[in-house]
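Trainee: what follows is a predicted structure for the sequence shown.
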Amino acid sequence: MAYWFQTAAPNFGLSASHAKGIVPKAASYGVLKGREADFVGRMQGIDMDVRIFVGQATSRYPVVLTIYTPKGGLKQLADVIERSWGQLAYMA
């Protein structure tokens, strides 16, 4: 599963060696269970906090969720992420 994170990290300005250092942790949001990783990336010259979640419900396809905000902003969004990502569900 680390592949997802290492593949996405260069989009946020991380080198391949830094991307390999990302360590995903277990996480769940609503019906989705999987892994997530937080790291600091760089976009258009600005340091950004990035969170990537990869998860799925039993017998369903995987879902990738991404959020980024100026550095230091991810902590302020914790409740918003829980509320919004926790409401996600698969369409029939």
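Mentor: Ah, there it is. Residues are numbered from 1 along each chain as shown.
Trainee: quick one: low-confidence parts of the chain?
Mentor: By pLDDT under 70, the low-scoring segments of the chain are 1.
Trainee: let's see that with 90 instead.
Mentor: Counting by pLDDT under 90, the chain shows low-confidence ranges at 1-9, 16-17, 19-20, 89-92.
Trainee: which residue is nearest the centroid of the chain?
Mentor: residue 52 (0.9 Å; CA atoms, centre = their mean).
Trainee: ok, which stretches of the chain are helices?
Mentor: Remark: helices assigned in the chain by DSSP state H are 2-8, 16-20, 78-85.
Trainee: what residues sit buried inside the first one?
Mentor: I take that to be helix 2-8. Judged by neighbour count using 16 or more other CB atoms under 10 Å, the buried positions of helix 2-8 are 4, 5, 6, 8. C-beta coordinates here come from the backbone N, C-alpha and C atoms, glycine included.
Trainee: just the shortest one next, same as before
Mentor: For helix 16-20, the buried set under the neighbour-count rule, 16+ other CB under 10 Å, comprises residue 19.
Trainee: using CSV, write down the CA coordinates of that helix.
Mentor: In CSV, the C-alpha atoms belonging to helix 16-20 read as follows (Å, rounded to 0.1, in the frame of the first residue of the first chain):
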residue,chain,number,x,y,z
ALA,A,16,11.7,9.9,-4.6
SER,A,17,14.0,9.4,-1.6
HIS,A,18,11.8,11.6,0.7
ALA,A,19,8.6,9.8,-0.6
LYS,A,20,10.1,6.5,0.5
